[in-house]
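K.L.:
no sequence on this one, just coordinates:
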């Protein structure tokens, strides 16, 4: 006789539509280790489960065990182990059997992937204090929510493959440019390539940058990775209802933003016409005053954005690092503003030159 064990809410019969509280339907998945003939579990997901496109070994492992199999107390002098290598791929085995290994590593380089294990640990991260109900201010600045995260990598390929084949993300947008595009005869410069990946189900977007030829080592992306000893998050974008009101409020509270040259606003009307955006709701003089950037794609479809000063400059502490926030208001345009992307890049270049 088959043995059935139920956890949580289930439909009255298998393979029937199982409604969620909002009226949607749960995603049903049959999980087993021998297809349809072995033990299996019927799972119901709130969101579409991740599809595994391929499973490949990372490295062949061949360990030699101690010939003496007597069980005895042992003192492992791990301080004498060599340092370096990957946190995942270069672990030194101490104890192992056919199922599990106890190993150790003192890594000195980054992996393109990380793992988080939560064994009953509910906080978002150590030190995070959650409230039963929201507390604090009334959100007078008008923040709406999360828009995207941008990260810098020494090279993009591992990160993009991971997001695509493991996380199930899709390509959304990409750009590449170099500062020598504007002054071709200069002997040095800085450039980037960026690929935005997104999850269509949730709308979550990750923008990913790498240095771009020909001056790879002088790129600010490469400088970021060298200073931070590896890849990391460059900035987080928050969406707002009214960016004009938001920026006025933040400036009144002493928040500083990355500078934008006056020439950007001198050329803005012609650039909006070239992009096909035409007229916008906001006064261009106010945007110049507040240093808010504009970009778009098509009639009446545009976005407004501005970037806070990086944390080390904002707080006057070098330990705060290069992380910064972006504030964005979307008015029909779901892109990333190719022109503003470059304006941000060149703004960071100026800030690094002045530091």
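P.N.:
Received the coordinates, thanks. Just so you know, these numbers come straight off a predicted model, no measurement behind them.
K.L.:
next SSE after the host helix or strand of residue 239?
P.N.:
Element membership for residue 239, per DSSP states H and E: strand 232-240. Once strand 232-240 ends, the next helix or strand along the chain (criterion: DSSP H and E) is helix 243-252.
K.L.:
can you point out the buried residues in that following helix?
P.N.:
Counting neighbours by 16 or more other Cβ atoms under 10 Å, one finds that the buried residues in helix 243-252 are 243-244, 246-247, 250. For the C-beta atoms, the positions are set from N, CA and C on the backbone; glycine is no exception.
K.L.:
among those residues, which two are most distant?
P.N.:
Farthest apart among these by Cβ to Cβ are 244 and 250. That separation is 11.2 Å.
K.L.:
tell me the strands beside the helix or strand harbouring residue 175, with direction?
P.N.:
According to DSSP H and E, residue 175 maps onto strand 170-178. Strand 170-178 sits in its sheet next to strand 191-198 (antiparallel), going by DSSP bridges.
K.L.:
any residues touching the partner strand, and which ones?
P.N.:
Here strand 191-198 makes contact (Cβ atoms under 8 Å, 6 or more residues apart in numbering) with 148, 150, 156, 160, 163-164, 169-180, 204-215, 219-221, 336, 341, 345.
K.L.:
now stretch 200-207
P.N.:
47-48, 146-151, 163, 169-170, 172, 194-199, 336.
K.L.:
repeat that for stretch 144-151.
P.N.:
For stretch 144-151, the external contacting residues (Cβ under 8 Å, 6+ apart) are 159, 194, 196, 204-209, 231-241, 326, 328, 330, 336.
K.L.:
ok, 6 Å please
P.N.:
Residues outside stretch 144-151 that contact it (Cβ atoms under 6 Å, 6 or more residues apart in numbering): 205-208, 233-237, 239-241, 328.
K.L.:
cool, and stretch 316-331?
P.N.:
147, 235-240, 243, 246, 302-308, 310-312.
K.L.:
can you flag the buried ones in those residues?
P.N.:
Of the contacts of stretch 316-331, these count as buried by 16+ other Cβ under 10 Å: 147, 235, 237-240, 243, 246, 302-308, 310-312.
K.L.:
ok, back up a step: list just the nearest of the contacts of stretch 144-151 to residue 119.
P.N.:
Nearest to residue 119 among those is residue 233, at 25.5 Å by Cβ to Cβ.
K.L.:
next, count neighbours for the closest one.
P.N.:
Neighbour count of residue 233, defined by other Cβ atoms under 10 Å: 14.
K.L.:
now do the contacts for it.
P.N.:
With contacts defined as Cβ under 6 Å, 6+ apart, residue 233 is in contact with residue 151.
K.L.:
what about the stretch 1-150 of the chain, any weak spots by pLDDT?
P.N.:
1-2, 34-36, 50-59, 69, 110-118, 125-126 (pLDDT under 70).
K.L.:
how about the strands in it?
P.N.:
27-32, 40-45, 92-96, 101-104, 143-152 (DSSP state E, counting those that start in this stretch).
K.L.:
starting at the chain centroid, how far to the very next helix or strand once past the longest one?
P.N.:
Of the helices and strands lying after strand 143-152 in sequence (DSSP H and E), the nearest is helix 157-165. Shown here is helix 157-165, whose average C-alpha point lies 12 Å from the average C-alpha point of the whole chain (Cα atoms, centre = their mean, to the nearest Å).
K.L.:
residues of helix 157-165 that come out buried?
P.N.:
159-160, 163.
K.L.:
tell me the mean pLDDT over that helix?
P.N.:
What helix 157-165 shows for mean pLDDT is 90.
K.L.:
next, the angle from it to strand 170-178.
P.N.:
Going by axes from the mean of the first three to the mean of the last three Cα atoms, to 10 degrees, helix 157-165 is angled at 160 degrees with respect to strand 170-178.
K.L.:
counting contacts, what elements does helix 157-165 pack onto?
P.N.:
Judged by 3 or more Cβ pairs under 6 Å, 6 or more residues apart in numbering; DSSP states H and E, helix 157-165 is in contact with no other helix or strand.
K.L.:
10 Å instead?
P.N.:
Contact partners of helix 157-165 among helices and strands, from 3 or more Cβ pairs under 10 Å, 6 or more residues apart in numbering; DSSP states H and E: strand 170-178, strand 191-198, strand 205-211.
K.L.:
can you pull out the helices in this protein?
P.N.:
With DSSP state H applied, the chain shows helices at 157-165, 220-227, 243-252, 262-266, 268-275, 284-290, 311-315, 338-354, listed in chain order.
K.L.:
turn those into a markdown table, columns for distance to residue 78.
P.N.:
Below are the helices of the chain laid out as a markdown table (distance: least, Cβ to Cβ, whole Å):
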| stretch | distance to residue 78 |
| --- | --- |
| helix 157-165 | 29 |
| helix 220-227 | 29 |
| helix 243-252 | 49 |
| helix 262-266 | 56 |
| helix 268-275 | 59 |
| helix 284-290 | 56 |
| helix 311-315 | 35 |
| helix 338-354 | 40 |
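K.L.:
of those, which is nearest residue 92?
P.N.:
helix 157-165 (23.6 Å).
K.L.:
which parts of the chain belong to which domain?
P.N.:
Taking automatic domain parsing as the reference, the chain has its domains at 7-46, 144-354.
K.L.:
winner for burial among the ones you listed?
P.N.:
domain 144-354 (a mean of 17; mean count of other Cβ atoms under 10 Å).
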